[in-house]
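A.B. asks: Have a look; sequence and predicted model below, questions after that.
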Amino acid sequence: MRLPLSLALAALLTACAPGAQAQSLPVETVAEAARNWVAEGKAPGIAIGVMQGHEIVLARGYGLADIEHDVAVTPETVFRIGSVTKQFTAAAALRLAEAGPLTPDMLPGPASLYQLLGHTGGVTSFTNGDVAPGEGWSRRRGEAEMLAMIAGFAPRFAPGAGWDYSNSGYYLVGAAIERASGMPLGAYLNEAFFVPLGLDRTALDDERDIVPGRAIGYAADPEAPGGFVHAAWVSMSVPGGAGAMRSTVPDLLRWQDALLHDDVLPPQMRARMLTPTRLSDGSLARRGPEGCRVAQYGLGVYLDAANGVAHVSHYGVIAGYRAYLASFPERGLAVAILTNGESDLTPLVAQVEALLIGANPIPLCPAEDVARMSRPEGAAP
């Protein structure tokens, strides 16, 4: 019987620990799915990992991290992770808000911290096609320029009136973390999380950094030799707390393990992070049509009951890279996938998670339908 979302999430909040009995996992079949992703030309390279309990039981790399120099992907290859960054930003903000340094006056505009983290603040995302600058994101931009640009956008709706994914909201939270901590965002994340948790290959990225083992980002081009070209250049000064991090599969699995226990946030703050966001009228923030399921959004993570099993996840999308990090806390399982291509990871994720927990009989609602139905009537498309 399929577990209702509310019950599955309640179980998640009280049982973030491995199950009583370890199950035998088809790790070789999972690895083969990743290998085939590269063989089918979906990306030059891929790294994949699975954690069971507190142990990494699979960590493999396939294909090339650097086509020009014929450098193979390994489990320790460093990739940009895009919006998987958001759960780090959310955890940092919650920690500082609980301790007191991060106060409401540090957040520009009327939206609260929880509204910004849950995408109900109505702040127009700087990645929306109708507001993104024509010259793209290749130029380094200072915080003052980014904040002024975001402040100039017309709001999508009043805070708490709807749900609309906003990278701008997370940039604002990242800037508030800097003001509250008195440190650059990357330095604070390093001191608060990366060093204590042993995430040695994880950092807020900077295109100027020399990073041993860094994967180069590529875009598909069927007319190019080998089928790939270098991806569009994006300065990591732009995404900030919304998506500027780099990491590896083992580091992400260790982070997920720590986040879902007591190594990152105290239980009550972790519970708040893993609670579905609601609008001002008390209704769930994300909506969709009948006949499919809607993954709700917590603070920096999506919350679902995939095949009746509580599921915490987030994709990462940034030029040249795709990422995915998810946990099934009741099963004590986590999976991380990193690629240096731009193919949508959804089919591979569905295949891998079906191998780990079984196929889901109810499909996710189309993302465009959820986006449209989650905005209040009259909001800009």
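C.D. replies: Noted; the coordinates are in hand.

A.B. asks: what sits against the nearest residue to residue 295 once chain neighbours are set aside?
C.D. replies: Setting aside the residues directly before and after it, residue 295 is nearest to residue 304 in space (CB to CB, 6 or more residues apart in numbering), at 4.0 Å. In this view, the C-beta of every residue, glycine as well, is placed from N, C-alpha and C. By CB atoms under 8 Å, 6 or more residues apart in numbering, the contact list for residue 304 reads 5, 293, 295-296, 310-311, 313, 364.

A.B. asks: Kindly reformat those residues as JSON lines containing secondary structure and distance to residue 164.
C.D. replies: As requested, the contacts of residue 304 are exported to JSON lines (DSSP: H, G, I helix; E, B strand; the rest coil; distance: CB to CB, whole Å):
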{"residue": "5", "secondary structure": "helix", "distance to residue 164": "21"}
{"residue": "293", "secondary structure": "strand", "distance to residue 164": "20"}
{"residue": "295", "secondary structure": "coil", "distance to residue 164": "15"}
{"residue": "296", "secondary structure": "strand", "distance to residue 164": "14"}
{"residue": "310", "secondary structure": "strand", "distance to residue 164": "25"}
{"residue": "311", "secondary structure": "strand", "distance to residue 164": "22"}
{"residue": "313", "secondary structure": "strand", "distance to residue 164": "19"}
{"residue": "364", "secondary structure": "strand", "distance to residue 164": "18"}
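
A.B. asks: what number of residues lie near residue 39?
C.D. replies: Other residues near residue 39 come to 11 when the count uses other CB atoms under 10 Å.

A.B. asks: Look up how far residue 352 lies from it.
C.D. replies: In this view, residue 39 and residue 352 are 16 Å apart by CB to CB, to the nearest Å.

A.B. asks: How about residue 240?
C.D. replies: 30 Å.

A.B. asks: Settle it for me: which of these two has more neighbours?
C.D. replies: residue 240 (27 against 24).

A.B. asks: Could I get the contacting residues of that one?
C.D. replies: 143, 146, 170-171, 174-175, 185.

A.B. asks: so where's the protein uncertain?
C.D. replies: Applying pLDDT under 70 to the chain picks out residues 1-23, 134-135, 381.

A.B. asks: quick one, strands of it?
C.D. replies: Assigned by DSSP state E, the chain shows strands spanning 45-52, 55-66, 71-72, 79-80, 203-204, 218-220, 228-230, 245-247, 296-297, 302-306, 309-318, 321-328, 333-339.

A.B. asks: May I see the buried residues of stretch 330-345?
C.D. replies: Going by neighbour count (16 or more other CB atoms under 10 Å), the buried part of stretch 330-345 is 330-343, 345.

A.B. asks: Stretch 355-374 now?
C.D. replies: For stretch 355-374, by 16+ other CB under 10 Å, it's 355-357, 360, 364-365, 370-371, 374.

A.B. asks: Over to stretch 154-174?
C.D. replies: Applying 16+ other CB under 10 Å to stretch 154-174 flags 155-157, 159-174 as buried.

A.B. asks: List the contacts of the residue sitting nearest the centre point of the chain.
C.D. replies: Compute the mean C-alpha point of the chain, and by CA atoms, centre = their mean the closest residue is residue 84, 2.2 Å away. Residue 84 makes contact with 243, 245, 247, 252, 314-316, 323-325 under the criterion CB under 8 Å, 6+ apart.

A.B. asks: could you redo the last one with a cut-off of 10 Å?
C.D. replies: 243, 245, 247, 252, 255-256, 300-301, 313-318, 323-326, 336, 338 (CB atoms under 10 Å, 6 or more residues apart in numbering).

A.B. asks: the helices in the stretch 1-150 of the chain, which residues?
C.D. replies: For the stretch 1-150 of the chain, applying DSSP state H, counting those that start in this stretch gives helices covering 5-14, 27-39, 85-99, 113-117, 143-151.

A.B. asks: what angle separates the longest one from strand 309-318?
C.D. replies: Meaning helix 85-99. Interaxial angle of helix 85-99 relative to strand 309-318 (axes from the mean of the first three to the mean of the last three CA atoms, to 10 degrees): 110 degrees.
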